[in-house]
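> the following comprises the amino acid sequence and a computationally predicted model.
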Amino acid sequence: MNRILKNEILNRIEQPCITGGWHEVSGEVTANAIQQALNKYCNVSIPYLGKPIILDEPIVLSSNNHLKADSRQVFLQGPTSNMCLVRNEHIKDGANGPADQNGRDKNISIEGGIWHIRTNQQCYTDREESVKGAIGAIILCGVEQIALKNMVICDSELCGPAGLTDSSYGIQISNCKNFMIENIDFNDNHRDGVHVNGPAAFGCIRRIRGEKMGDDMVALNAWDWNTSAITFGTIEHLVVEDVAGSGNEFRLLPGQKLFDDGTAADCDIRNCVIENLSGIYTFKLYAQPNIANAETGANDVSGSVGKVENVLFQNITFAKATSAGFHGLPVKGLFEVCADCRYLFLEDIFVQNTVQQCEQLDLRLMNVGPLSAVWKNGSDNPDDWGEVFDPDAVCSADEIYLKNIRFAGTAITDLNLLTREVHMKVNPDYPKTTPKGGTGYGMIKRVYVE
């Protein structure tokens with residue numbers, strides 16, 4: 001069934017159509033020259049110039065715009081820029097309600113180039129920072145028919161002094177459908193590589209490479225923090241394949257968006273195929289409150305744990321199990337679940353550690369239930385501390401199918417070794433000792449293993 005699903009997804013993706021010839025930008029190649037050429041010719045190519053192109057303003061792609069650069073050509077974020085490198089024209093902010101589906105940009109592609117953003121610089125869509133959740137080197141929001149391929153994206157000190165805010169995603173896709181993202185290398189990236197915000201449908205992300213990203217290699221965030229998402233909604237019919245690197249995480253983040261006017265939007269994740277991955281040490285399937293809530297006094301949380309349904313994980317290799325992830329946060333499962341999940345298929349999962357080594361790390365293949373960890377916000381005062389996760393969350397996993405699960409080459413079928421229900425308890429000694437704990441729990445219902 002899921003093999004058929006993959007083929008159906010790939011067959012239904014409408015890729016960009018490039019008509020007419022290419023116009024090569026010549027002479028003094030600046031951001032303004034590229035923009036003028038795009039406005040006039042639509043299809044613009046940039047040769048290798050032997051020197052970087054400085055982008056003090058984003059390159060803005062309208063419908064039917066296609067940008068192609070020599071694979072060696074370097075683009076640098078301007079030394080005083082707080083903006084992304086490339087974006088589409090009609091960014092539609094979904095912070096206050098469901099994403100607008102009218103007036104969308106269509107038929108856009110970017111190929112080639114080495115794209116540098118300043119280390120620790122948050123990249124907005126404009127100088128006024130009008131869209132608070134926009135934080136990508138390349139930002140596409142509200143677009144149909146997208147191709148991004150054969151690119152290198154880097155955090156780099158070549159762009160000037162380090163920024164004063166936070167690192168940015170490599171690629172941020174929001175409220176998009178029919179997209180193909182392939183052959184992307186991330187170098188020294190300090191945040192998510194490919195970050196997808198819902199609503200999103202009919203996309204393929206493949207042949208992605210990156211070492212120790214410092215965050216998620218790929219993030220499918222249907223729900224998300226209001227400081228790092230432009231839109232919110234269901235993600236469905238995606239294929240993610242051939243992703244490799246080392247020391248990375250992968251996130252599926254469902255939930256329910258609560259808008260300020262009291263309305264809500266379900267942000268589910270369903271009908272996805274994720275296969276042929278290595279270099280990931282944990283897959284995170286849970287809604288996570290905004291880590292800055294305690295510091296800012298905000299209440300940026302999901303209205304529910306969210307739903308994940310009909311997702312296949314196949315041919316996944318875990319090179320090295322760990323009980324501590326980025327920032328030392330706990331890892332209890334190779335697949336960490338705190339969402340209402342149904343029809344999860346884990347097939348051909350290869351863990352290079354023995355099952356006994358994973359037990360010593362207090363690690364299971366699938367850990368179902370909440371986590372607890374304190375974020376101290378750089379303070380010794382417990383009044384300033386916040387909870388990273390939601391230790392009071394309640395979730396369930398049902399209709400879970402495990403097939404060919406191997407630890408150090410040995411097939412394991414004992415569910416007691418593979419799965420665990422978490423029943424959180426409140427820590428009576430908090431804040432003298434941490435974590436704080438809570439009252440949440442996970443429920444594992446029907447599981448089938450072969």
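Arrived safely. Numbering: from 1, shown residues only.
> what sits up against the helix or strand of the chain with the lowest mean pLDDT?
Least confident element among the helices and strands of the chain, by mean pLDDT, DSSP states H and E: helix 293-296 (a mean of 79). Outside helix 293-296, the residues that touch it by Cβ atoms under 8 Å, 6 or more residues apart in numbering are Asn299, Asp300, Val301, Trp375, Asn377, Asp384, Trp385, Gly386, Glu387. Placement of C-beta: from N, CA and C, glycine included.
> which residues sit in contact with the first one?
Listed by Cβ under 8 Å, 6+ apart, the contact set of Asn299 reads Asn293.
> return the distance of the least confident helix or strand of the chain from the chain's centre.
Distance, stretch centre to chain centre, for helix 293-296: 23 Å (Cα atoms, centre = their mean, to the nearest Å).
> cool, stretch 399-419 as well?
With Cα atoms, centre = their mean, you get 27 Å for stretch 399-419.
> what about that stretch, how long is it end to end?
13 Å (Cα to Cα, to the nearest Å).
> how about low-confidence regions in the stretch 51-200 of the chain?
158-166 (pLDDT under 70).
> paired strands for the helix or strand hosting Leu312, with orientation please.
Assigned by DSSP states H and E, Leu312 belongs to strand 307-318. Within its sheet, strand 307-318 is paired with strand 269-278 (parallel), strand 340-351 (parallel), according to DSSP bridges.
> got the CA coordinates for that strand in PDB?
The C-alpha trace of strand 307-318 is given here as PDB (Å, rounded to 0.1, in the frame of the first residue of the first chain):
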ATOM      1  CA  LYS A 307      -2.200  13.500  14.700                       C
ATOM      2  CA  VAL A 308       0.200  11.600  12.600                       C
ATOM      3  CA  GLU A 309      -1.400   9.000  10.300                       C
ATOM      4  CA  ASN A 310      -0.200   6.600   7.500                       C
ATOM      5  CA  VAL A 311       3.500   7.300   7.500                       C
ATOM      6  CA  LEU A 312       6.100   4.800   6.200                       C
ATOM      7  CA  PHE A 313       9.700   4.800   7.500                       C
ATOM      8  CA  GLN A 314      11.700   2.400   5.500                       C
ATOM      9  CA  ASN A 315      15.400   1.500   5.200                       C
ATOM     10  CA  ILE A 316      16.600   3.700   8.000                       C
ATOM     11  CA  THR A 317      20.100   3.300   9.400                       C
ATOM     12  CA  PHE A 318      21.100   4.500  12.900                       C
END
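> can you list the strands that the following helix or strand past that strand pairs with?
Downstream of strand 307-318, the next assigned helix or strand under DSSP H and E is strand 333-338. Paired with strand 333-338 in the same sheet, following DSSP bridges, are strand 280-286 (parallel), strand 364-368 (parallel).
> redo those as a markdown table? Include distance to Ile54, mean neighbour count and mean pLDDT.
Output for the strands paired with strand 333-338, formatted as a markdown table (distance: least, Cβ to Cβ, whole Å; neighbours: other Cβ atoms under 10 Å; pLDDT from 0 to 100):
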| stretch | distance to Ile54 | mean neighbour count | mean pLDDT |
| --- | --- | --- | --- |
| strand 280-286 | 35 | 24 | 96 |
| strand 364-368 | 47 | 25 | 98 |
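> one step back: now the strands paired with strand 307-318 in a markdown table, with mean neighbour count and mean pLDDT?
Listed next are the strands paired with strand 307-318 as a markdown table, based on neighbours: other Cβ atoms under 10 Å; pLDDT from 0 to 100:
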| stretch | mean neighbour count | mean pLDDT |
| --- | --- | --- |
| strand 269-278 | 22 | 97 |
| strand 340-351 | 20 | 98 |
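> to Ala244, which of the ones you listed lies closest?
Closest approach to Ala244 among the strands paired with strand 307-318 (Cβ to Cβ): strand 269-278, 4.9 Å.
> got the CA positions of the closest one in CSV?
Extracted in CSV, the C-alpha atoms of strand 269-278 (Å, rounded to 0.1, in the frame of the first residue of the first chain):
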residue,chain,number,x,y,z
ILE,A,269,0.7,15.0,9.2
ARG,A,270,-0.5,12.1,7.0
ASN,A,271,0.2,10.0,3.9
CYS,A,272,4.0,10.4,3.8
VAL,A,273,6.8,8.1,2.8
ILE,A,274,10.3,8.6,4.4
GLU,A,275,12.9,6.1,3.2
ASN,A,276,16.6,5.5,2.6
LEU,A,277,17.9,7.8,5.4
SER,A,278,21.2,7.6,7.4
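> touching that strand from outside, list them.
With contacts defined as Cβ under 8 Å, 6+ apart, strand 269-278 is touched by 2, 5-6, 9, 220, 222, 234-245, 250, 252-254, 306-317, 319.
> picking that back up, and the least confident helix or strand of the chain, what's buried?
Using 16 or more other Cβ atoms under 10 Å as the test for burial, helix 293-296 gives Asn293, Ala294.
> now the helices for this protein?
Along the chain, the stretches classed as helices by DSSP state H are 2-12, 31-41, 293-296, 355-360, 415-418.
> let me see the ranges of the strands in the stretch 151-300 of the chain.
169-187, 194-211, 216-221, 235-246, 248-253, 255-258, 264-267, 269-278, 280-286 (DSSP state E, counting those that start in this stretch).
> burial count for Asn142?
Careful, residue 142 is Gly; it's not Asn. Other residues lying near Gly142 total 25 when counted by other Cβ atoms under 10 Å.
> and it, backbone torsions?
phi 70, psi 50 (degrees, to the nearest 10).
> got a list of what it touches?
88, 90-92, 99-101, 103-105, 174-176, 231.
> now Ile9
Ile9 makes contacts with Phe202, Cys204, His237, Leu238, Val239, Asn271, Val273, as judged by Cβ under 8 Å, 6+ apart.
> what's the closest non-adjacent residue to the second one?
For Cys204, ignoring the flanking residues on the chain, the nearest one in space by Cβ to Cβ, 6 or more residues apart in numbering is Val239 at 4.6 Å.
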